[in-house]
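Q: the amino acid sequence is not available; the structure is as follows:
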């Protein structure tokens, strides 16, 4: 029993490392053994890596080639990977993983018809007034004003800058304008802008679906092609276009 008491660590004194003396506090914290072990392990690992790299550099073959030589570059003294452009967007990946070709064809046809309907309703007349085409007038005098141009074009001075729907004075006299308040005008302008924004979204969606449709069609043809008749890739796929493959010409009987 007495030998067990001597061997147990309950009554033994706990040995602790000394603290930093007050006279040496200006030099920072006193390094403990656990700190030294971390620093020593890091130093040994660094020495091992440096030794391995030196050995590889001595045994390097000057004619050796690997693809990482052309897939990376040095920028500001650091090696960086040359990332290739992604072939698909996130929306395209979700569509190709969750939907089939028939569904994509149906949605693309629906979006195409909606775009055609919106384009038939919106004639982009405001866009025509923003074009920078010019109409030259030759006059004897140097006086040039909107009033003189209005008289020459036989229209109102406020309509001189318009390139579409420029009414003549005789037509303006016969038109009876309804009483329209400012709120109605603002509402009409807001609805027109909303329709143009919807048209842009529909066109973007239709283009996205068309690209996914082409990619799925190419993928289907690649799966059905025989192993000994593998096509040659002419152009890789991008986010805005499908890949281009060239199949070997085969004459049908």
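A: Perfect, I can see it now. All values reported here derive from a predicted model rather than from experimental measurement. Numbers count the residues shown, from 1 in each chain.

Q: residue 246 - how many residues pack around it?
A: 10 (other Cβ atoms under 10 Å). Yep, even glycine has a C-beta here, placed from its N, CA and C like the rest.

Q: ranges for the strands of this structure?
A: 72-75, 78-81, 232-235, 244-246 (DSSP state E).

Q: can you list the ones you listed in a markdown table and add mean pLDDT and distance to residue 21?
A: What follows is the strands of the chain, written out as a markdown table (pLDDT from 0 to 100; distance: least, Cβ to Cβ, whole Å):
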| stretch | mean pLDDT | distance to residue 21 |
| --- | --- | --- |
| strand 72-75 | 84 | 49 |
| strand 78-81 | 82 | 44 |
| strand 232-235 | 86 | 74 |
| strand 244-246 | 87 | 77 |
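
Q: out of the ones you listed, deepest packed?
A: Counting by mean count of other Cβ atoms under 10 Å, strand 244-246 has the highest mean neighbour count of the strands of the chain, with a mean of 13.

Q: before we move on, back to that, residue 136 is nearest to which of the strands of the chain?
A: In terms of Cβ to Cβ, the element of the strands of the chain nearest to residue 136 is strand 232-235, at 45.7 Å.

Q: quickly run through the sheet partners of the closest one, with directions.
A: Partner strands for strand 232-235, per DSSP bridges, with pairing direction: strand 244-246 (antiparallel).

Q: now the partner strand, how far from the centre of its chain.
A: Offset of strand 244-246 from its chain centre (Cα atoms, centre = their mean, to the nearest Å): 25 Å.

Q: re the thing from before, quick one: the strands of the chain as TSV, columns for distance to residue 54 too.
A: Shown next, in TSV, are the strands of the chain (distance: least, Cβ to Cβ, whole Å):
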stretch	distance to residue 54
strand 72-75	21
strand 78-81	19
strand 232-235	43
strand 244-246	48
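
Q: of all the ones you listed, which lies closest to residue 202?
A: strand 244-246 (26.9 Å).

Q: quick one: residues contacting residue 246.
A: 231, 232, 233, 234 (Cβ atoms under 8 Å, 6 or more residues apart in numbering).

Q: coming back round to it: closest one to residue 114 among the strands of the chain?
A: Nearest to residue 114, of all the strands of the chain, is strand 244-246, at 28.9 Å by Cβ to Cβ.

Q: just name the shakiest helix or strand of this structure by mean pLDDT.
A: Least confident helix or strand of the chain, by mean pLDDT, DSSP states H and E, is helix 125-129 with a mean of 56.

Q: how close does residue 240 sit to residue 48?
A: Look at residue 240 and residue 48: by Cβ to Cβ, to the nearest Å, they are 49 Å apart.

Q: residue 197 too?
A: The gap separating residue 197 from residue 48 is 62 Å, by Cβ to Cβ.

Q: what's the answer for residue 116, then?
A: 69 Å.

Q: show me the contacts for the residue lying closest to residue 203 once chain neighbours are set aside.
A: Counting by Cβ to Cβ, 6 or more residues apart in numbering, residue 115 is the residue found nearest to residue 203 once chain neighbours are left out, at 5.5 Å. Residue 115 sits next to 199, 202, 203, 206 when contact means Cβ under 8 Å, 6+ apart.

Q: restricted to helices, list these.
A: When the contacts of residue 115 are checked against helices (DSSP state H), the matches are 199, 202, 203, 206.

Q: on the pLDDT front, check the third one for me.
A: Among the per-residue scores, residue 203 holds a pLDDT of 89.

Q: run a quick neighbour tally on it.
A: Around residue 203 there are 16 residues (other Cβ under 10 Å).
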